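Chemist: I would like the atomic coordinates for the input below:
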Amino acid sequence: MNRNDGELFPEERFYPAPWARNPHVQTFFKSLKLLAPRNNPVVDRAREMIIDGGGGVRLLGFHSVHPGNTSRGLMLILHGWEGSADSIYVLRAGKFFFNKGFDIFRLNLRDHGNSHHLNEGLFHGGLIDETHRAAQNIAALSDGNPFYILGFSLGGNFALRIALHHETAEIKNLRHLFSVSPVLDPYKATLAIDQNNRFYRQYFLKKWLRSLRKKQQAFPDLYCIEDVFSMKTVMEITDSIIPRYSPFKDHEEYFSTYTLLGTVFDRLSVPVTIITAEDDPVIPVADFHALRDHDNLTVSIQQYGGHCGFLDPFPFGCWYERRILDIIKNDETFLLL
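Modeler: Numbering: from 1, shown residues only. Below is the predicted model:
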């Protein structure tokens, strides 16, 4: 595993101006509507699609294509928990990579975006099979061009699990997966949201409860969840919802299904790059240091960046977009040798 902090290669180091280093500023500015990209071709050229996730599951996404099969590849972007295909950081990344020549597919995970009515079952973090199947079907849209996946936070966790599935369930033309601020231990992340900062707890509670309300309205006969709307922590809601509306008996069993620690990446068969920050307010950095080395795994741990932030020049530039593009260019050069 290449584990770097950018000390040897300046272009690999995220080093914002001192006044832009606060992790909370980095975290929340990345989602500000004020920073939504204007004249965004990834939106203007988007075609809404329903993607088969297998077993009758339908997932909503948006496909943006360059005319005349002139793209250099297709990039699938996966948002974070209670984000969507229209989250600001997704739209910004989509615009950046579209303008660099890539077709873009922005996928909503189940019950994200305007998709609560598409499936009876409730979203949870263990739904990797449908997300992997969707990625396989999206890859088929690349028309033989290279396929890349970029995931953020919980979407970054899904991207990492897709990489692990690749060994036994191949995705066509998959060249590289990128995971920004991924959740490795959902139990620790949940505790961090609930205990470390009241603002984060209220932010995620508001979004999750709004999503649960939409699900209840879409399937009123299936979901009797009025009690959860008075709960005060993410863990409390998890303990209430998971035994009732998932195959897991409790949060311990549930979280274990998507915990990615230690030696879990020993069977990686495709290149993966993780980008994370020491000052991430919800994802403990120690878990990244503890990952075991693997030739297909690169972990870039930056001193600053917050959670999925990495804004530089602040607030309109984005370091990880440029870094990922450099990695893709290096991959392309290697394939030509």
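
Chemist: quick one, what contacts residue 78?
Modeler: 107, 109, 131, 149, 150, 151, 152, 155, 156, 158, 159 (CB atoms under 8 Å, 6 or more residues apart in numbering). Every residue, glycine included, has its C-beta placed from N, CA and C.

Chemist: OK, contacts around the first one?
Modeler: With contact taken as CB under 8 Å, 6+ apart, residue 107 is in contact with 51, 59, 60, 61, 76, 77, 78, 85, 131, 134, 135, 138.

Chemist: let's see which of those residues end up in strands.
Modeler: For the contacts of residue 107, the ones inside strands are 51, 59, 60, 61, 76, 77, 78, with DSSP state E as the criterion.

Chemist: for PyMOL, write a command that selects the buried ones of these.
Modeler: To isolate the buried members of the ones in strands among the contacts of residue 107 in PyMOL, using 16 or more other CB atoms under 10 Å:
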select buried, resi 51+59+60+61+76+77+78
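
Chemist: list the buried residues for the helix ranked longest in the chain?
Modeler: As assigned by DSSP state H, the longest helix anywhere in the chain is helix 198-218. Across helix 198-218, burial judged by 16+ other CB under 10 Å covers 200-201, 203-205, 208-209, 211-213, 215-216, 218.

Chemist: and stretch 70-89, by the same measure?
Modeler: Under the neighbour-count criterion of 16+ other CB under 10 Å, stretch 70-89 has 71-89 buried.

Chemist: with stretch 32-48 instead?
Modeler: Within stretch 32-48, the residues that qualify as buried by neighbour count (16+ other CB under 10 Å) are 37, 40, 42, 43, 45, 46.

Chemist: can you give me the helices in the stretch 201-337 of the chain?
Modeler: Assigned by DSSP state H, counting those that start in this stretch, the stretch 201-337 of the chain shows helices spanning 234-245, 251-256, 286-289, 319-336.

Chemist: for the second one, what is the distance to the chain centroid?
Modeler: Centroid separation for helix 251-256 versus its chain: 20 Å, with CA atoms, centre = their mean, to the nearest Å.

Chemist: surely residue 201 is in contact with residue 236?
Modeler: No: using CB atoms under 8 Å, residue 201 is not in contact with residue 236; the gap is 10.8 Å.
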